[in-house]
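*Asks:* My questions are about this predicted structure, shown below with the sequence.
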Amino acid sequence: MLCDKCNINEASIHISKIINGKKMEMNLCDKCAKEKNTLEVIGDIEYSSFDIDDLFSGLLNYMGTSTFMYDKQKRTVRCKNCGTTFLQFKNTGLMGCDVCYETFQKEIIPLIKRIQGNSEHLGKIPKTHGKSLMIKQKITKLKEELQSAIANENYERAAELRDEINAIKGE
């Protein structure tokens with residue numbers, strides 16, 4: 001595709017602008033893009049490296065409309081181990097220590113669920129220890145289901161879960 005301005009060089013930059021509901025598209029070569037001073041995004045574009053801390057901080061700012069962000073009580077909660085406040089975590093995206101995860105659990109679990117779709121890590125399992133890890137995870141999940149069934153007084157389901165756990169342990 002040729003540059004829309006000079007019609008000589010190959011276009012390497014595609015620009016889309018929407019102004020007052022009207023979409024304008026422009027394809028420019030590097031030379032014409034540098035000369036075109038009416039576009040704010042053109043010039044010597046510098047790429048910054050990806051930073052996970054900035055991602056979390058940005059997401060927390062994006063989620064600023066949720067109720068816990070404006071709850072003054074939550075902002076003053078401090079980690080008993082390192083003294084980090086939720087507001088500090090919100091601004092930096094960094095936890096102060098491992099205890100912060102427990103301290104701010106109510107605030108970060110919805111964030112993690114929104115980002116990942118789940119609060120439990122479901123990543124790859126090493127081949128060498130994979131089978132034993134999968135069995136442990138399955139037993140843990142079944143035990144949680146068992147507790148839920150007992151709490152809901154669904155004793156038939158609880159008995160099935162108990163038998164399933166015993167069968168897995170027997171293997």
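*Replies:* The structure has been received and is ready for your questions.
*Asks:* can we go C-alpha only for contacts and neighbour counts from here?
*Replies:* OK.
*Asks:* in this structure, which helix or strand is least confident?
*Replies:* Scoring the helices and strands of the chain by mean pLDDT, DSSP states H and E places helix 67-70 at the bottom, with a mean of 39.
*Asks:* in its sheet, what does the host helix or strand of residue 25 sit against?
*Replies:* Secondary structure from DSSP states H and E places residue 25 in strand 22-28. For strand 22-28, the paired strands and their directions (DSSP bridges) are strand 13-19 (antiparallel).
*Asks:* all helices of this structure, in order?
*Replies:* Secondary structure of the chain (DSSP state H): helices at 30-35, 52-62, 67-70, 72-75, 86-92, 99-103, 105-116, 130-151, 155-170.
*Asks:* by contact count, what packs against the last one?
*Replies:* If I follow you right, that is helix 155-170. When contacts are defined as 3 or more Cα pairs under 8 Å, 6 or more residues apart in numbering; DSSP states H and E, helix 155-170 packs onto helix 130-151.
*Asks:* Just give me how far the helix it packs on sits from the chain centre.
*Replies:* Once both centres are worked out by Cα atoms, centre = their mean, to the nearest Å, helix 130-151 turns out to sit 26 Å from its chain's centre.
*Asks:* do stretch 156-163 as well
*Replies:* What separates the centre of stretch 156-163 from the centre of its chain is 36 Å, taken as Cα atoms, centre = their mean.
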